[in-house]
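Trainee: Structure for this input, please:
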Amino acid sequence: MENVIFDVIRKEINGNDVVLYMKGTAAFPQCGFSAAVVQVLSQLGVGFKDVNVLEDSAIRQGIKDFADWPTIPQLYVKGEFIGGCDIVREMFSAGELQALLREKGIAFNDEEAA
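Mentor: Purely as a prediction, here's the structure:
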């Protein structure tokens, strides 16, 4: 069963430039940590695929096992696991998230370039 879930996760991550595994949806986050990551991505104007882990318990546990990361949300950029809420917020504040997006060729509102 685990391999099937990992295949579903890999397909999602490889099929979208930016994927956020979260509780709820981008339009209606179901936890403060998920909402905080959505806020960062929205502030940057990054388009992303949201995956609501509350809709499927196998995905909810599977993504934790897949990344060997115990918490949700989890952000992936170009197939690379970036981290959870605290890491995303710290990277954003330090400008590291913007640098990563630039490096990976992800379109976002880059005010430094304006």
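Trainee: so who does Leu97 touch?
Mentor: By Cβ atoms under 8 Å, 6 or more residues apart in numbering, Leu97 lies in contact with 40, 44, 82, 88, 91. C-beta coordinates here come from the backbone N, C-alpha and C atoms, glycine included.
Trainee: Assumed it was part of a strand.
Mentor: No - under DSSP: H, G, I helix; E, B strand; the rest coil, Leu97 falls outside any strand and is assigned helix.
Trainee: Counting by contacts, list what the helix or strand of the chain with the lowest mean pLDDT packs against.
Mentor: When the helices and strands of the chain are compared on mean pLDDT, DSSP states H and E, helix 2-15 comes out lowest with a mean of 94. Counting contacts by 3 or more Cβ pairs under 8 Å, 6 or more residues apart in numbering; DSSP states H and E, helix 2-15 packs against helix 57-67.
Trainee: Could you check the angle the least confident helix or strand of the chain makes with helix 57-67?
Mentor: On the basis of axes from the mean of the first three to the mean of the last three Cα atoms, to 10 degrees, helix 2-15 is oriented at 70 degrees to helix 57-67.
Trainee: Next, the buried residues of helix 2-15.
Mentor: Buried residues in helix 2-15, counted by 16 or more other Cβ atoms under 10 Å: 5, 8-9, 12-13.
Trainee: go on, stretch 95-114?
Mentor: So for stretch 95-114, counting by 16+ other Cβ under 10 Å, buried means 97-98, 101, 106, 108.
Trainee: likewise stretch 24-35?
Mentor: 24-26, 29, 33-35.
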